[in-house]
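# just coords:
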C-alpha cells in the first residue's frame, strides 16, 4: 500500500484538482479537493501515513479548498472552503489553506456524526485500554495528547472521542493534532522525532502547526477501544503534578456539558454516557510540566490495566 | 424524468428517484449513495428520505457507512422535533389564560397530527396563528414570559407592524427556537388574500392538545401558497416535499380531491395549488386525484407563463448539484423568481418604496449576515 508521503506533489496535485484525495480517519472518510497546488505538499506531510487513494465511492464529507477570483487575488489572495457546494465560513488568507481545511473538517464531522456520542476530547489507547482527555479551556489537551502519542500510545482522536452508542467503545477519528502557540515548541522539545507540518503564524487562534498521526495509529483506525479512564487535564504554569480522583457524578456532568451532541441524542446519549462513566475511573490532573503529566497518565494506565475490569469500575465510585 | 422540469444534475436526479421509490435503496452503489447523501443533506431532506426508507416493510440492504448518515440525520430531526414540541407546550401554557384560539401551522401542525411526513422532517421554526384582534394581548404575554424580539431596523419593524402577516420572530434566549406568530397566511399587501376568519372557522381540534390545526384542504393550500406565491422558491424542494406528504396522507379522505379544488376556489388560491400539482407529481411522485386535476384546469397560467416558470424553477427549486456552484443562468432565474415573489407580495407603489429603502440600506450599511469564522471556536 502506498501512502501520501510516498506520493510526490506531482501525483497529488492532479488528484486534488480532479476526483479528490480520499482521507480516511476511521469513523469518517473525507474527499479533499483543491486548486491550491501548495496544499499538496502540506497534505503529504501531515497526512503522510495515510493510504493514498482517489476519492471514489462513498465519502462522508467532501471539502474543497478553492482560490477566490477577482482583483483581490493579486494583492491579497484568499481561499474558500466549499463543503458539498456550500461555503460555510468566511474566506481565509490563501497561505492558511491547511488550517482552514482542518477546522472545516472538524466542523463537519461534529455536525454529521450524530450516530455517535461525540465528546470534545482527546483519546488514546494502549494495550487495548483507552484513556479520555476531555478538552476544557486551558486543559492543554492537544499538547498532552500529542506528547502521549510520541510515547507509543495509539492516537484515537485529538478532537472527538466518538463513543459508539451500542457499547460505549471509542471509535478512532485519526486526524492531525493542531498544536497552538507555545505548544508547538514544547512538543518539538519533548519529541524531537515528531513529524510536524509547517507553522502558520497568523491564524485566528494564533500560530498553529499540525502533528502528523503515526503509521501505527493510522493502520488501526477501524479498531474500537474500551475506555478505562477519564482524566480532566489542567495545565497550570509552575504547578506540581497532582492526580486526584473525581466523583463519577461530577465527571458525568462535566463530560455531558463538554459533548457536541449529548442533548441531541437524548436518552441514547444518556445511556451511552452512563455506560462509559461506569466503565471508567475518573480523575483530575493538574500539571505544570508536560513530562510529569505523561508519566502520571502512564502510571495510572498501568495500575488500572493490571486490575480486573470490575475492580476498575469500583475503584473510583 | 419530468415533463414539467428538466433535471440537469445526475446527482439530483438520483436523489429524487430514490425519494420517489425508496425501495430502490438496495440497488444503489456506494458512489450513487455519495450523490444521494450530499444532495439530500443540501436540500435538508436526508432525514425525510431516511424516514421513508425506514417505513418500508422490508429493510433494504444499505452500506454501513451510508446508514450512519441516515441514522445521524434522523437523530437531529428527532431532537429538533422534541425542541419544537417543548416550545409549543410553553406557548400554549403562556397563552392559556388569554383564552385565545391557537392554531398550529406547517411543521408544528404536522408534528401534532403525527403525519407520516413529519418523521425525519428537519424543523426550522415553530409557526402558530392567532386572530389579529388578539395580537395586542398575545405579544405582551409572550414577551413577559421571556421570549425576545430581535433588534430590528426601524424600517423592518414598521414593515412587520403594518404589512406583515406575522409578528417579528420571537426567540427564547435559553432555547433558541424561533417562533412566528401569524394572524394571516399572507402579507396584508399580497395579491391573494385568503380570509383568516374562514381558516379559523374550519380549523380542527387535535386530540389531547390545546392547539387546533387548519383543515386538511387548508393545510395543502397554505403550503402551496407559501411556496408558489410568497417565496422565491430557491432551494425549497423541501416545501414541495411537505405538499407531497400532505397530499399522500389526505388522499385517504374520500372525495378529498374535489373538496380541495372547491376550497381553493372559495379562498381564491387556485393558481398556487395549480403550480403545486404541476411540480410535485413529476418530481416527487405525488399521487393526485384526476378529478382534482380536471377541476383546476381553469386555474392554469397561459402557456408562455407556464414555460417560463418551468425554466426558472428548474434552475431554482431543485437543489444545486453538490459539485457545481450556481452559474449565471441559475443566478438570473433566482433573481427573476425573487422579483416575482415581491411583485406578488405588494402593490407596485409599495414595492418601489420598499425596494428603495432596502437598496439605500444596502449602500449605506456594512455587510450584514457575516458567516462564522472557521476555528473561531469549536
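All right, it came through fine. Small disclaimer: the values here were computed from a predicted structure and weren't measured. Numbers count the residues shown, from 1 in each chain, chains lettered A, B, ... in the order given.
# C-alpha from now on. contacts and neighbour counts both.
OK.
# phi, psi of the closest residue to residue A:50 other than its chain neighbours?
Spatial nearest neighbour of residue A:50, excluding adjacent residues (C-alpha to C-alpha, 6 or more residues apart in numbering or on different chains): residue A:3 at 5.4 Å. Dihedral angles of residue A:3 (phi, psi; degrees, to the nearest 10) stand at phi -110, psi 170.
# pull out the buried residues from stretch B:55-71.
B:62, B:65-66, B:68-71 (16 or more other C-alpha atoms under 10 Å in any protein chain shown).
# so where do the helices sit in the stretch 101-250 of chain B?
For the stretch 101-250 of chain B, helices defined by DSSP state H, counting those that start in this stretch occupy the ranges B:106-113, B:135-144, B:154-163, B:196-202, B:216-228, B:237-250.
# swap in chain A?
For chain A, the helices defined by DSSP state H occupy A:9-17, A:38-46, A:72-75, A:97-112, A:141-149, A:182-190, A:215-219, A:248-257, A:262-278, A:290-305, A:309-315.
# so of those helices, which one's packed in deepest?
Most buried of the helices of chain A, by mean neighbour count (mean count of other C-alpha atoms under 10 Å in any protein chain shown): helix A:141-149, with a mean of 24.
# what pLDDT, on average, does that one get?
Mean pLDDT, helix A:141-149: 95.
# for it, the distance to its chain's centre please.
Distance of helix A:141-149 from its chain centroid, counting by C-alpha atoms, centre = their mean, to the nearest Å, is 10 Å.
# please see if that helix touches chain B.
No - using C-alpha under 8 Å from any C-alpha of the partner chain, helix A:141-149 never reaches chain B; the gap is at least 13.3 Å.
# so what secondary structure elements neighbour that helix?
Helices and strands touching helix A:141-149, by 3 or more C-alpha pairs under 8 Å, 6 or more residues apart in numbering or on different chains; DSSP states H and E, are strand A:116-126, strand A:129-134, strand A:177-180, helix A:182-190, helix A:290-305.
# and residue A:223, which of these is closest to it?
strand A:116-126 (10.4 Å; C-alpha to C-alpha).
# who touches the closest one?
Applying C-alpha atoms under 8 Å, 6 or more residues apart in numbering or on different chains, the external contacts of strand A:116-126 come out as A:110, A:130-135, A:141-142, A:145, A:148-149, A:152-165, A:170, A:225, A:255-256, A:258-262, A:265, A:269, A:272-273.
# okay if I get the helices of chain A as TSV plus distance to residue B:24?
Shown next, in TSV, are the helices of chain A (distance: least, C-alpha to C-alpha, whole Å):
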stretch	distance to residue B:24
helix A:9-17	32
helix A:38-46	38
helix A:72-75	46
helix A:97-112	24
helix A:141-149	45
helix A:182-190	51
helix A:215-219	35
helix A:248-257	39
helix A:262-278	29
helix A:290-305	48
helix A:309-315	46
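# which residues touch the residue positioned nearest the centre of chain B?
Central residue of chain B (C-alpha atoms, centre = their mean): residue B:239, 3.7 Å from the mean position. If you count contacts by C-alpha under 8 Å, 6+ apart, residue B:239 has them with B:223, B:227.
# interface residues of chain A facing chain B?
A:56-60, A:84-85, A:88-90, A:100, A:103-104, A:107, A:112-115, A:204-205, A:263-266.
# looks like residue B:225 contacts residue B:272 (just checking).
Yes - the pair residue B:225 / residue B:272 is scored as a contact, 5.3 Å apart, by C-alpha atoms under 8 Å.
# residue B:263 and residue B:256, how far apart?
10 Å (C-alpha to C-alpha, to the nearest Å).
# what about residue B:151, neighbour count?
9 (other C-alpha atoms under 10 Å in any protein chain shown).
# count the residues that sit near whatever residue of the stretch 251-378 of chain B ends up closest to chain A.
Minimum separation of the stretch 251-378 of chain B from chain A (C-alpha to the nearest C-alpha) falls at residue B:322, amounting to 4.7 Å. Using other C-alpha under 10 Å, residue B:322 has 24 neighbouring residues.
# which secondary element of the chain has the worst mean pLDDT?
With no chain named, the answer covers chain A. In chain A, no helix or strand scores lower on mean pLDDT, DSSP states H and E than helix A:309-315, which sits at a mean of 45.
# point out where chain B drops to low pLDDT.
Applying pLDDT under 70 to chain B flags residues B:1-3, B:365-378.
# ok, is the longest helix belonging to it in contact with chain A or not?
If you go by DSSP H, chain B has its longest helix at helix B:64-95. Yes - using C-alpha under 8 Å from any C-alpha, helix B:64-95 reaches chain A at B:65-66, B:68-69, B:71-73, B:75-76, B:79.
# closest one to chain A out of the residues you listed, please.
Chain A has its nearest neighbour among the residues of helix B:64-95 next to chain A in residue B:72, at 4.4 Å by C-alpha to the nearest C-alpha.
# mind checking how far that closest one is from residue A:117?
For residue B:72 relative to residue A:117 (C-alpha to C-alpha), the value is 11 Å.
# who has more neighbours, these two?
Between residue B:72 and residue A:117, counted using other C-alpha under 10 Å, residue A:117 has the larger neighbour count: 29 against 23.
# just give me how far the longest helix of chain B sits from the chain centre.
17 Å.
# what is it packed up against?
Using 3+ C-alpha pairs under 8 Å, 6+ apart: helix B:64-95 touches helix A:97-112, helix A:262-278, helix B:30-42, helix B:46-54, helix B:106-113, strand B:126-129, helix B:135-144.
# show me what counts as buried in it.
Applying 16+ other C-alpha under 10 Å to helix B:64-95 flags B:65-66, B:68-85, B:87-88, B:91-92, B:95 as buried.
# show me what residue A:120 bridges to in the sheet.
Using DSSP bridges, the beta-bridge partners of residue A:120 come out as residue A:160.
# give me the local confidence score for it.
Value for residue A:120, per-residue pLDDT: 94.
# residue A:36 too?
91.
# would you mind measuring from it to residue A:101?
12 Å.
# residue ranges in chain A under the pLDDT threshold?
In chain A, residues with pLDDT under 70: A:71-73, A:138, A:308-317.
# try it again with 80
Low-confidence segments of chain A, defined by pLDDT under 80: A:69-75, A:85-86, A:136-138, A:307-317.
# most centrally placed residue in it?
Nearest to the centroid of the C-alpha atoms of chain A, with distances taken as C-alpha atoms, centre = their mean, sits residue A:158, at 2.6 Å.
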